[in-house]
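Peer 1: next one to model:
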Amino acid sequence: MGAAGAIGRATCRAFAAAGASLWALDLDERAASEALTGLPGEHRSRAVDVTDAEAITGLAAEICRQHPIDSVVYAPGLVFTADVAATEWASYRRLMAVNLDGAFYCAQAFVRPMLATKRAGSFVFISSMAGKRGEAGASAYCASKFGLIGMVESFAAETAADGIRANAVCPGNVDSPMLKKVAVDIAAREGREVETVWQEMAEVAAAKRLVNPDEVAAVCLWLCSSAASAVTGEAINVDAGALSG
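Peer 2: Okay, here's the model as predicted:
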C-alpha cells in the first residue's frame, strides 16, 4: 500500500529485484502502475482507498483468492504542521484515517486470509522517528506514528504463534516530496527560508544527511525475508542516527 510514494516506489524496486511478484496498491491506480514500470517479473496494480475498510477488505479477499500473500508493506502517509492550538480537525481526521485507521484496516483485511489458510506471513508498517519522539508543530503526525507502533506491537503478539510477524520501520528525515512539503510548510509558518529549514532537516541526523528511500526499502525487504524470521514486534530506526543522541 502506498506504492506511489517515495518509500513505496523504492520498496517495489527492492522486492522486484529480489524476485517477488507484486501487487502495487495506491489511491491513484495510474501512479501505482507507474511504480512498476521497468521492474523485472510479473506484477499488478490496483487503486484502493485505505480509509475505506469495506474496499480494502474486498480487495484483500480478491488478491488472496488469486495468489497467496506472503508479505504486506503499509506505506501510505499524510503529514501537516500545526501546533495543537491551531490544529484544524478536518486535517487531523484525514491524517489519522490514513496513517492509523488504514493500517488497522489493512492488517485485518490481509491477516484474516493468512489465518484461515494457516499461512505464515510478514507485515511491515512505515512509522517514523516521530513515532518515538514528539516534535513541536507535529502533534497529529507524531500521535499517529506513536499509535502505529503500539498497534504493531499488539498485532505481533496476537499473531506470532500463527507464524505471522509484524514490525514497524521508523525512518528519519527521508529525501522525498513529502519532506519537501513539510519544509515549505514550516518555513511559511515560521517566516524562514525553505533552504534553511531543509538544511536543518538534514543536520538532525548524527550522520548529517537525509535518509534515502532505498535505505528504508532495504530494511522492509529484510523484515519480510527468512533472514528476519525471529524478528517481530519491533520498531526499527532507519534515521542516520537522528535518535542516537
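
Peer 1: just for the chain, where's the confidence low?
Peer 2: 245 (pLDDT under 70).

Peer 1: going along the chain, name the helices of it.
Peer 2: Using DSSP state H, the helices of the chain run over 6-17, 29-34, 53-66, 89-96, 102-116, 139-159, 177-190, 194-203, 213-223.

Peer 1: just say which of those is most tucked in.
Peer 2: helix 6-17 (a mean of 23; mean count of other CB atoms under 10 Å). The C-beta positions use only the backbone N, C-alpha and C, and glycine is treated the same way.

Peer 1: angle of it against helix 177-190?
Peer 2: Computed by axes from the mean of the first three to the mean of the last three CA atoms, to 10 degrees, the angle separating helix 6-17 from helix 177-190 equals 170 degrees.

Peer 1: tilt between helix 6-17 and helix 213-223?
Peer 2: Put simply, helix 6-17 runs at 50 degrees to helix 213-223, going by the same axes, to 10 degrees.

Peer 1: pull the CA atoms of helix 6-17 into PDB?
Peer 2: Only the C-alpha atoms of helix 6-17 are listed here, as PDB (Å, rounded to 0.1, in the frame of the first residue of the first chain):
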ATOM      1  CA  ALA A   6       8.900   7.700  -2.400                       C
ATOM      2  CA  ILE A   7       9.200   4.800   0.000                       C
ATOM      3  CA  GLY A   8       6.500   2.800  -1.700                       C
ATOM      4  CA  ARG A   9       8.300   3.100  -5.100                       C
ATOM      5  CA  ALA A  10      11.600   2.200  -3.500                       C
ATOM      6  CA  THR A  11      10.000  -0.800  -1.800                       C
ATOM      7  CA  CYS A  12       8.600  -2.000  -5.100                       C
ATOM      8  CA  ARG A  13      12.000  -1.800  -6.700                       C
ATOM      9  CA  ALA A  14      13.600  -3.700  -3.800                       C
ATOM     10  CA  PHE A  15      11.100  -6.500  -3.800                       C
ATOM     11  CA  ALA A  16      11.000  -6.900  -7.500                       C
ATOM     12  CA  ALA A  17      14.800  -7.200  -7.600                       C
END
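
Peer 1: just name whatever secondary elements that helix is in contact with.
Peer 2: Applying 3 or more CB pairs under 8 Å, 6 or more residues apart in numbering; DSSP states H and E, one finds that helix 6-17 contacts strand 23-26, strand 71-74, helix 213-223.

Peer 1: and V197, what does it touch?
Peer 2: Counting by CB atoms under 8 Å, 6 or more residues apart in numbering, V197 makes contact with A183, I186, A187, E190.

Peer 1: how close does it sit to A187?
Peer 2: Separation of V197 from A187 (CB to CB, to the nearest Å) stands at 5 Å.

Peer 1: likewise for G172?
Peer 2: Distance, G172 to A187, by CB to CB: 19 Å.

Peer 1: how many other residues sit next to A136?
Peer 2: When neighbours are defined as other CB atoms under 10 Å, A136 has 9 of them.

Peer 1: quick check on the residue lying closest to it once chain neighbours are set aside: phi, psi?
Peer 2: Nearest residue to A136 in three dimensions, chain neighbours excluded: D83, at 7.2 Å (CB to CB, 6 or more residues apart in numbering). Dihedral pair for D83: phi -70, psi 160, per degrees, to the nearest 10.

Peer 1: now L36: closest residue in space that isn't a chain neighbour?
Peer 2: Nearest non-adjacent residue to L36, counting by CB to CB, 6+ apart: H43, 4.6 Å away.

Peer 1: tell me who's in contact with that neighbour.
Peer 2: Applying CB under 8 Å, 6+ apart, the residues near H43 are C12, A16, S21, L22, W23, A24, L36.

Peer 1: distance to F146 for those residues - can I get that in a markdown table?
Peer 2: Listed next are these as a markdown table, based on distance: CB to CB, whole Å:
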| residue | distance to F146 |
| --- | --- |
| C12 | 27 |
| A16 | 32 |
| S21 | 34 |
| L22 | 29 |
| W23 | 29 |
| A24 | 28 |
| L36 | 32 |
